[in-house]
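Trainee: quick one: sequence and predicted model below, then my questions.
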Amino acid sequence: MRLLRALAGLALVCLAQMLLGHHLPSVARRCDLFSVYVVFIALTRPQRPAMLIGSGAGLVQDALTGAVLGLNGFKKTLLAYLVGTLGSLFMLNHTVPRFGILFVSALFDPLAELGLSLAMGQHYIFPAPGDLLMLGVGNGLLGLAAFWVAARLP
Amino acid sequence: MPRVLAQRKPHLLLFLLLSLNLVLMAASVRGVRGTSLLDEAILSIAAPFLKAAAWSSDTVAGLWGGWVDLRGVEYDNRRLRAEAGTLTLQAREAEEARQEVRRLRELLALREESGRRAIAARVIARGAGGSARILLLGSGTRDGIARDQAVITPRGVVGRVIEAAAGTSKVQTILDPNSGVAALLQRTRVQGILVGDGESACRLEFVSELARVDVGDVVVTSGLDEIHPKGAILGVVTEVGEAKDLTRHVKVRPEVDFQRLEEVLVLTGPPPATGEGTP
């Protein structure tokens, strides 16, 4: 059941990201729903299934966005592991820490991609600080909204 | 499988998932040569082994080929050494024959020059102790050799026959102290008797103290002993001593190298009569 819910959540995220990219591209550039979903899973689920779902979400994102297959899978797996580790060490049930972890996860994404690109000898243009800030804020707000909605679901 | 992995430590799962994604990335990303990073990584990892395998294969093939070649080379080497030995021996024999022919030609020319009947004889032995005072020839009376016949070479006078047997004959050389050859100095025509000193030189005796003798004067036979032909070279004056008892001591070095003598010419016929042509 949990697996089905996780898959349904992933499908919802895919749909939302595609719709945003289609109809509101400026908004889509300022939020990464897959990262928000992975952080949400990592904070609400045990570490091991979180990593599996994160890896799957990343691969789906690769497939949808046309990125290098495995790139987002790698990042999301690592993100799930790190957030899960932090969640096991600190109390991240409140709004501010959640927003903080969502904000940092938004910064982690381009940093990880930069490292992987360098390792693979690929070119990567690092986002401008303003864009990063907007991405972090967007992810944080969307994540808080997701937590709020999830807390009210049966 | 994921459940099994999930039940183990998260680090192992993390490692597997990251590795899986890395492999996927490597398979997708194109390298500088247009191949995927996965191919390049596999090639990079496999290259040393492939090189080692190729090197081993080449080395083994090279060693085998070298060994096979070496066997052939060894066989050729042995065969060529044998051939070289045979050829060297043949070359030495040919050189020996060539030198013998040269010497015999010289003897033949000397025989024709002397105008007398003569035979070539081989020196088969020397006197006791290796001295050249006495020589033994391989020809004897059967060949026409008789006592008191002159023995010469193209270089000069050797001596005279003192004994003759059927197949051998003994020659007393001019080095023998008991020998005596009527001689004269070619330049000044001063006469004397050439006597051997028993070793390797001779002395010209009965030379007047008034005679003009210089070192380097050529000594030839005078023919007065009726054994040796007139004008045959005996040697060269090497030392002229002070006069004593009305005579002068004159040391002569023979022209003939008695230690290396191999063939000689024995003059078996009488000298040509005066006024007649050569026979």
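Mentor: All right, it came through fine. Numbering: from 1, shown residues only, chains lettered A, B, ... in the order given.
Trainee: in the helix or strand containing residue B:25, what counts as buried?
Mentor: Secondary structure from DSSP states H and E places residue B:25 in helix B:10-28. By neighbour count on 16 or more other CB atoms under 10 Å in any protein chain shown, the buried set for helix B:10-28 is B:10, B:13-14, B:16-18, B:20-22, B:24-28. Backbone N, C-alpha and C define where each C-beta goes, glycine included.
Trainee: out of those, which touch chain A?
Mentor: Near chain A, taking CB under 8 Å from any CB of the partner chain as the test, the members of these found are B:10, B:13-14, B:17-18, B:20-22, B:24-28.
Trainee: per-residue pLDDT of the closest residue to chain A within the stretch 151-279 of chain B, please?
Mentor: When CB to the nearest CB is the measure, the stretch 151-279 of chain B has its nearest residue to chain A at residue B:260, with 89.5 Å between them. We have a pLDDT of 83 for residue B:260.
Trainee: before we move on, what about residue B:277?
Mentor: According to the model's per-residue confidence, residue B:277 sits at a pLDDT of 40.
Trainee: got the residues of chain A near chain B?
Mentor: Taking CB under 8 Å from any CB as the measure of proximity, chain A contacts chain B at A:47-49, A:51-52, A:55, A:58-59, A:68-71, A:73-74, A:77-78, A:81, A:84, A:116, A:120-122.
Trainee: out of these, which sit inside helices?
Mentor: Secondary structure assignment by DSSP state H places A:47-49, A:51-52, A:55, A:58-59, A:71, A:73-74, A:77-78, A:81, A:84, A:116, A:120 of the residues of chain A next to chain B in helices.
Trainee: tell me how many other residues surround whichever residue of chain A sits closest to chain B.
Mentor: Taking CB to the nearest CB as the measure, the point where chain A comes nearest chain B is residue A:70, at 3.1 Å. When neighbours are defined as other CB atoms under 10 Å in any protein chain shown, residue A:70 has 25 of them.
Trainee: helices along chain A, start to end?
Mentor: So, for chain A - with DSSP H - the helices run A:2-23, A:25-29, A:33-44, A:47-65, A:71-89, A:95-120, A:129-152.
Trainee: residue contacts, the nearest residue to residue B:25 once chain neighbours are set aside?
Mentor: Taking CB to CB, 6 or more residues apart in numbering or on different chains, and ignoring the residues beside it in sequence, residue B:25 has residue A:70 as its nearest neighbour in space, at 3.8 Å. For residue A:70, the contacting residues are A:59, A:62, B:20-28, taking CB atoms under 8 Å, 6 or more residues apart in numbering or on different chains as the criterion.
Trainee: out of these, which comes closest to residue A:24?
Mentor: For residue A:24, the nearest member of the contacts of residue A:70 is residue A:62. The distance, counting by CB to CB, is 21.8 Å.
Trainee: give the rounded mean pLDDT of stretch B:55-67.
Mentor: Average pLDDT, stretch B:55-67: 83.
Trainee: then that stretch to CSV, C-alphas only?
Mentor: The C-alpha trace of stretch B:55-67 is given here as CSV (Å, rounded to 0.1, in the frame of the first residue of the first chain):
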residue,chain,number,x,y,z
TRP,B,55,52.3,-8.6,-25.1
SER,B,56,52.3,-12.1,-23.7
SER,B,57,51.1,-13.5,-27.0
ASP,B,58,53.7,-11.6,-29.0
THR,B,59,56.4,-12.5,-26.5
VAL,B,60,55.5,-16.2,-26.6
ALA,B,61,55.3,-16.1,-30.4
GLY,B,62,58.5,-14.3,-30.5
LEU,B,63,60.2,-16.7,-28.2
TRP,B,64,58.9,-19.7,-30.1
GLY,B,65,60.0,-18.1,-33.4
GLY,B,66,63.3,-17.2,-31.9
TRP,B,67,63.8,-20.7,-30.5
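Trainee: now do that stretch: distance to the chain's middle.
Mentor: With CA atoms, centre = their mean, to the nearest Å as the basis, the distance from the averaged C-alpha position of stretch B:55-67 to the chain average is 45 Å.
Trainee: now stretch B:226-242
Mentor: Here stretch B:226-242 shows a centroid-to-chain-centroid distance of 32 Å under the convention CA atoms, centre = their mean.
Trainee: contacts for it?
Mentor: Counting by CB under 8 Å, 6+ apart, residues outside stretch B:226-242 touching it are B:114, B:116, B:148-150, B:152, B:155-157, B:160, B:174, B:181-183, B:185, B:194, B:201-202, B:204, B:213-223, B:248-255, B:267, B:271.
Trainee: out of those residues, which are buried?
Mentor: Taking 16+ other CB under 10 Å as the criterion, what is buried in the contacts of stretch B:226-242 is B:114, B:116, B:149-150, B:152, B:156-157, B:160, B:174, B:181-183, B:185, B:194, B:201-202, B:204, B:213, B:217-223, B:248-252, B:254-255, B:267, B:271.
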